[in-house]
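**Q** I'll drop the sequence and a predicted model, then ask my questions.
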Amino acid sequence: MADCARETIVDAGGGVRLLGYYSRHEENSRGLVLLLHGWEGSSGSTYILCTGRSLFDSGFDVFRLNLRDHGGSHRLNEGLFHSARIEEVFNAVREAAALAGQKSFSIVGFSLGGNFALRVALRCADTDIPALKQVIAINPVLDPFKATVAIDTRYSVYRNYFLKKWKRSLRIKQELFPARYDFGEFFRMDSCMEITERLIPKYSPFRDSTDYFRTYTLLGDVFQNLSVPVLIVMSEDDPIIDATDFKALRGNEKLRISLQRYGGHCGYLDPFPFGSWSDRMISASLPG
């Protein structure tokens with residue numbers, strides 16, 4: 001899957017360009033699956049590569065899309081990434097969907113990528129993606145405020161991991177666009193929430209973090225008008241995302257929720273046989 005991947009710059013509208021990698025079979029493809037990574041992950045993250053390999057070996061073409069400022073794509077856009085940038089992701093997904101031709105097109109997203117995948121599905125009620133047959137979200141973020149608090153307070157290993165990667169990303173952005181960005185004050189902060197509360201009003205159109213988090217919170221009856229099939233897979237022992245939020249979701253007949261007792265945050269390891277339960281589940285759940 002990785003060896004035959006072709007680097008692809010996707011036109012996401014408004015001059016925005018997103019970086020992706022397209023792996024296709026020469027013949028007999030079962031369809032195209034687009035993969036969306038989580039926050040500070042990338043098209044090259046281990047879980048994306050493993051899922052992509054599983055899908056490719058099962059006969060699917062695979063498109064691994066990077067969100068803005070992920071996967072070494074900082075140079076492509078001067079504006080800074082934030083999670084409310086659904087318009088460009090939707091446009092990029094629609095562009096990638098055209099590669100499926102007459103075959104089925106599906107989306108699989110993990111964590112924050114799962115949140116983006118769900119918002120793409122919701123937008124299809126107004127702007128159709130004709131080839132889209134299935135959306136699968138693995139441990140998607142539903143309440144970003146609660147998830148950010150959990151990262152900062154539940155286990156220091158999560159906080160340190162995300163802070164290190166986020167600050168590295170900000171340094172790259174500052175080096176590429178020094179006339180626009182000065183993140184010096186943020187490099188001294190030691191929590192994701194503190195950076196969010198200071199960064200958002202300074203470098204985004206949102207008044208504050210509350211206004212910002214509201215734009216991608218997915219709770220209650222938000223899925224009532226789904227027009228494409230959606231499968232959400234969530235584990236009750238996820239240390240970052242509160243599983244009780246999924247039990248309160250209300251949607252129409254297009255929405256399915258699979259709550260697993262164990263799995264952590266996008267884990268789902270299965271030692272008998274050794275590998276990933278979620279990879280096999282994803283391949284079996286997709287049309288084609």
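**A** Looks like it came in fine.
**Q** and the helices in this protein, which stretches?
**A** 46-57, 86-97, 112-123, 144-153, 156-176, 184-187, 192-203, 209-214, 244-247, 277-285 (DSSP state H).
**Q** Y262 is nearest to which of the ones you listed?
**A** helix 277-285 (9.8 Å; C-beta to C-beta). All C-beta spots, glycine's among them, are computed from the backbone N, C-alpha and C.
**Q** now that closest one, how far from the centre of its chain.
**A** Relative to its chain's centre, helix 277-285 lies at 17 Å (C-alpha atoms, centre = their mean, to the nearest Å).
**Q** counting neighbours, what do you get for S276?
**A** A count of nearby residues for S276, using other C-beta atoms under 10 Å, gives 17.
**Q** if you could redo that for Q260, that was the one I meant.
**A** With other C-beta under 10 Å as criterion, Q260 counts 19.
**Q** beta-bridge partners for it, please?
**A** When assigned by DSSP bridges, Q260 has beta-bridge partners S235.
**Q** just the helices of the chain: most buried one?
**A** Comparing the helices of the chain by mean neighbour count (mean count of other C-beta atoms under 10 Å), helix 112-123 comes out on top with a mean of 25.
**Q** avg pLDDT for that one?
**A** The pLDDT scores in helix 112-123 average 98.
**Q** what's the distance between the closest residue to A2 other than its chain neighbours and T210?
**A** Once flanking residues are discounted, A2 sits nearest to L49: 6.4 Å by C-beta to C-beta, 6 or more residues apart in numbering. Per C-beta to C-beta, to the nearest Å, L49 is found 36 Å from T210.
**Q** again, but for R75
**A** 32 Å.
**Q** ok, now which ones touch F145?
**A** 209-210, 213, 217 (C-beta atoms under 8 Å, 6 or more residues apart in numbering).
**Q** let me have the residues you listed in CSV, adding distance to V16 and pLDDT as columns.
**A** Output for the contacts of F145, formatted as CSV (distance: C-beta to C-beta, whole Å; pLDDT from 0 to 100):
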residue, distance to V16, pLDDT
S209, 23, 97
T210, 26, 97
F213, 22, 98
T217, 23, 98
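**Q** give me the outermost residue of this protein relative to its centroid.
**A** A179 (29.6 Å; C-alpha atoms, centre = their mean).
**Q** give me the pLDDT for it.
**A** So A179 comes in at 98 (pLDDT).
**Q** cool, the one 4 residues further on as well?
**A** The score at F183 is 98. That number is its pLDDT.
**Q** isn't I241 up against N139?
**A** Yes: using C-beta atoms under 8 Å, I241 is in contact with N139, at 5.8 Å.
**Q** if you count what's nearby, which of the two comes out ahead?
**A** More neighbours surround N139 than the other of I241 and N139, with 30 against 23 (other C-beta under 10 Å).
**Q** what sits closest to the more buried one if chain neighbours are left out?
**A** Closest residue to N139 apart from its sequence neighbours, by C-beta to C-beta, 6+ apart: C266 at 4.8 Å.
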